[in-house]
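Novice: no FASTA, just this:
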């Protein structure tokens, strides 16, 4: 053992480190998303931007007092000099109707209709926005209209969950093949998919899709045959934006416990150690992976009954049956009217 250790220390340094700095940055900027936390820096983020590698992080706020649910979209912007983050308003085309579910595939944002307001009917149509050109187009219609559709991406195919009426029980899940641009029936779940509000956790894991329901559990759907398992909530309901997957680990935030992760081996939720995020009451929470870290956004009341949006960047370290979190950055990133709330949180994943 001693001989091996000694030989390792005498090995010459990798030729990679002798390359010009600009070339090193250009190479590392192409590292896939799952390994990006190992090579994270403001210089790399700037280089990725110059290469056209868009790592946009979109947040949508909706006015809950408006009968038509008006929306405002923002992008999480980082100052590469100060490493400070802010939510910056961006122009966004209006949609022909309110949408319940959104998700992102490359540079395209998909909008899926599904709405609880009785003034709106349920349609099968989807709308697709090219975030680079700003152009909107209508996508192929689904096989059935869904009241609260949950959509997710798995192996370049788009899955849509949910139903609108009893007759839809045979088509509770359908899949959209991006190559053929057609919707087909997917293996039916071996449990009944409720008609209540639900969302799909992103990204998916292996051949499984995680669909959250606001009655307090997650359905794990195996796309190969429709077999399902359930994961109970540690406390209270799940909402789509407060659950995410990072490096094959499922995370959620609960006001009672804080940030939690699901131990798939022992089938139980555990608290992420070492975190203290807010002294005040945390209401609506949204989260997503960001360069291997967990980006956590939450609302809290500010001055004059406005809401403050806070953001924290959390690095996560797994050791045995424990995960420890470290707050790398935290600050107030936006103020919004009291009637507004977080609706969507989208992360582009090149």
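Specialist: Arrived safely, thanks for sending. Everything quoted here is computed from the prediction, not taken from an experiment.
Novice: how about the helices in this protein?
Specialist: Under the criterion DSSP state H, helices of the chain are mapped to 2-9, 21-28, 42-50.
Novice: buried residues in stretch 174-181?
Specialist: Residues 174, 175, 176 are the ones in stretch 174-181 that count as buried (16 or more other C-beta atoms under 10 Å). C-beta: built from backbone N, CA, C; applies to glycine.
Novice: and for stretch 308-317?
Specialist: 308, 309, 310, 311, 312, 313, 314, 315, 316.
Novice: what does stretch 255-271 give?
Specialist: By 16+ other C-beta under 10 Å, the buried positions in stretch 255-271 come out as 258, 259, 260, 261, 262, 269, 271.
Novice: now do stretch 248-255
Specialist: Within stretch 248-255, the residues that qualify as buried by neighbour count (16+ other C-beta under 10 Å) are 249, 250, 251, 252, 253, 254.
Novice: which one of the buried residues of stretch 255-271 is nearest to residue 291?
Specialist: Among the buried residues of stretch 255-271, residue 259 lies closest to residue 291 (C-beta to C-beta), at 17.6 Å.
Novice: list the residues that contact that closest one.
Specialist: 251, 252, 253, 271, 272, 275, 277, 294, 296, 314, 325 (C-beta atoms under 8 Å, 6 or more residues apart in numbering).
Novice: filter these down to just the ones in strands.
Specialist: 251, 252, 253, 271, 294, 296, 314, 325 (DSSP state E).
Novice: wait, which of these is closest to residue 61?
Specialist: residue 296 (16.4 Å).
Novice: that older thread, just send the buried residues of stretch 248-255 back as a markdown table, with distance to residue 218 and pLDDT too.
Specialist: Listed next are those as a markdown table, based on distance: C-beta to C-beta, whole Å; pLDDT from 0 to 100:
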| residue | distance to residue 218 | pLDDT |
| --- | --- | --- |
| 249 | 14 | 92 |
| 250 | 8 | 91 |
| 251 | 12 | 92 |
| 252 | 9 | 89 |
| 253 | 14 | 88 |
| 254 | 14 | 85 |
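Novice: let's have these in TSV, adding distance to residue 213.
Specialist: Below are the buried residues of stretch 248-255 laid out as TSV (distance: C-beta to C-beta, whole Å):
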residue	distance to residue 213
249	20
250	15
251	17
252	13
253	17
254	16
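Novice: which positions within stretch 60-70 qualify as buried?
Specialist: The neighbour-count check on stretch 60-70 (16+ other C-beta under 10 Å) flags 60, 61, 62, 63, 69 as buried.
Novice: now the strands for the stretch 251-350 of the chain?
Specialist: Using DSSP state E, counting those that start in this stretch, the strands found in the stretch 251-350 of the chain span residues 258-263, 268-271, 285-290, 293-301, 307-319, 322-336, 340-347.
Novice: who's in contact with the second one?
Specialist: To tie it back to what came earlier, the one meant is strand 268-271. Residues outside strand 268-271 that contact it (C-beta under 8 Å, 6+ apart) are 234, 252, 257, 258, 259, 260, 261, 262, 263, 321, 322, 323.
Novice: where is pLDDT lowest across those residues?
Specialist: Lowest pLDDT of these: residue 234, 80.
Novice: find the residue closest to the spatially most central residue of the chain in space, skipping its chain neighbours.
Specialist: Central residue of the chain (C-alpha atoms, centre = their mean): residue 288, 4.3 Å from the mean position. What sits nearest to residue 288 in space, not counting adjacent residues and going by C-beta to C-beta, 6 or more residues apart in numbering, is residue 347, at 4.2 Å.
Novice: OK, contacts around that neighbour?
Specialist: 56, 57, 58, 104, 202, 288, 289, 290, 295.
Novice: in a markdown table: the strands of the stretch 251-350 of the chain, plus distance to residue 124.
Specialist: Formatted as a markdown table, these follow (distance: least, C-beta to C-beta, whole Å):
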| stretch | distance to residue 124 |
| --- | --- |
| strand 258-263 | 34 |
| strand 268-271 | 37 |
| strand 285-290 | 28 |
| strand 293-301 | 32 |
| strand 307-319 | 34 |
| strand 322-336 | 33 |
| strand 340-347 | 21 |
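Novice: can you tell me which of the ones you listed is nearest to residue 79?
Specialist: When the strands of the stretch 251-350 of the chain are compared for distance to residue 79 using C-beta to C-beta, the nearest one is strand 322-336, at 11.5 Å.
Novice: what is the orientation angle of the closest one with strand 258-263?
Specialist: Strand 322-336 and strand 258-263 are oriented at 140 degrees to each other (axes from the mean of the first three to the mean of the last three C-alpha atoms, to 10 degrees).
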